[in-house]
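> sequence below, structure please.
(one chain, ligands or ions: 1)
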Amino acid sequence: MLLFIPARHPDIYRYTTMRLSKVSFRYRRRDPFVIQGADAELAPGDVVELTGVNGAGKSTLLRLLAGLSRPTKGTIGGRPAVVGFAPDRFPAGQPFTVAAYLRHVSRMRGGARWEPWAERLHMEHLLDTPLGELSKGGGHKVGLTQALMAEPGLLIMDEPFAGLDAATRAVLPGLATEVAGRGGIVVVSDHQGGLRGLPALRHWTVADGRLHEPSSPAPPPVSPPDELVTVAVRVPAGELPRFLARMRGEGYPAREIEESAR
Ligand SMILES: Nc1ncnc2c1ncn2[C@@H]1O[C@H](COP(=O)(O)OP(=O)(O)OP(=O)(O)O)[C@@H](O)[C@H]1O
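Model (predicted):
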């Protein structure tokens, strides 16, 4: 399976809008269309959650977006030059350990650094494991690392939360935000709502071959400024990171402040 679409000039495509125009796809002539007449735009910085029942066509649509399959009808334009694709099942048939495989992909990517991603995705303990012996979650981590290491302008993740340990699941929304924050487009199929906390998350759903973008759930009401209050809380220094993470996780803009000398 091709996991990367090679590129020479990643930066020139960073800020393009992708357009799907009347995209239809079927696997074989005479088969029914899996995707029918999909029209959509993806702007730089968009993060999209893709849902649909099993067999609805999510993986098929993701492969079309990534350029791994070509539309039977219609066009997809404006695809960023560097595409990172993390598949739902990592291909295990290659005779490499994880580290050897990532070094190999790195060479293909002109020396892209994989080590920081391996660290952030908590996979140091897997580096000497042969690809064929990885668990589902371990395979996902390798797939995510190879997708992220080249700083993709388009990052596609197919069910990335499935099988991941809790610590690594918690890292993914931040990674998606980083890619989007530098102008990339992120599209993620996800049954588990792992990205739901992200502001401005777009929702796509595939049903009966049709791509819909239901209006997003209404954002939580914002209090007018005169209802906001600032509170100071003293916590033991050792508990600060956990406390800040918890507050931020609940949506409060918590930060550490220096206490003035008394
Ligand atoms: N290589 C293939 N050849 C023929 N048909 C295929 C192929 N891959 C998928 N299909 C069919 O296309 C349809 C959509 O499959 P797809 O894997 O895209 O769905 P999905 O929404 O990702 O499902 P799931 O949630 O189970 O992963 C299904 O009917 C499936 O059987």
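> just how off-centre is stretch 187-204 within its chain?
Mean-position distance between stretch 187-204 and its chain equals 9 Å (C-alpha atoms, centre = their mean, to the nearest Å).
> CA atoms of that stretch as CSV?
Provided in CSV are the C-alpha atoms of stretch 187-204 (Å, rounded to 0.1, in the frame of the first residue of the first chain):
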residue,chain,number,x,y,z
VAL,A,187,-9.7,14.8,7.7
VAL,A,188,-10.4,12.0,10.3
SER,A,189,-12.9,9.2,10.2
ASP,A,190,-13.9,8.5,13.8
HIS,A,191,-16.7,6.6,15.4
GLN,A,192,-15.6,7.7,18.9
GLY,A,193,-15.8,11.5,18.8
GLY,A,194,-12.2,11.8,19.7
LEU,A,195,-11.9,15.3,18.2
ARG,A,196,-15.2,16.7,19.5
GLY,A,197,-13.5,19.1,21.8
LEU,A,198,-11.9,21.0,19.0
PRO,A,199,-13.4,24.4,18.2
ALA,A,200,-14.6,24.8,14.6
LEU,A,201,-14.5,21.1,14.0
ARG,A,202,-16.4,20.4,10.8
HIS,A,203,-18.6,17.2,10.5
TRP,A,204,-19.1,15.2,7.4
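> so for it, what gets flagged as buried?
Of the residues in stretch 187-204, 187, 188, 189, 190, 194, 195, 198, 201, 202, 203, 204 count as buried by neighbour count, 16 or more other C-beta atoms under 10 Å. From N, CA and C alone the C-beta is placed, and that goes for glycine too.
> now do stretch 128-146
In stretch 128-146, counting by 16+ other C-beta under 10 Å, buried: 129, 131, 134, 137-146.
> name the nearest of those relative to residue 37.
Comparing those against residue 37 with C-beta to C-beta places residue 143 closest, at 30.1 Å.
> helix, strand, or coil at the closest one?
Here residue 143 is recorded as helix under DSSP: H, G, I helix; E, B strand; the rest coil.
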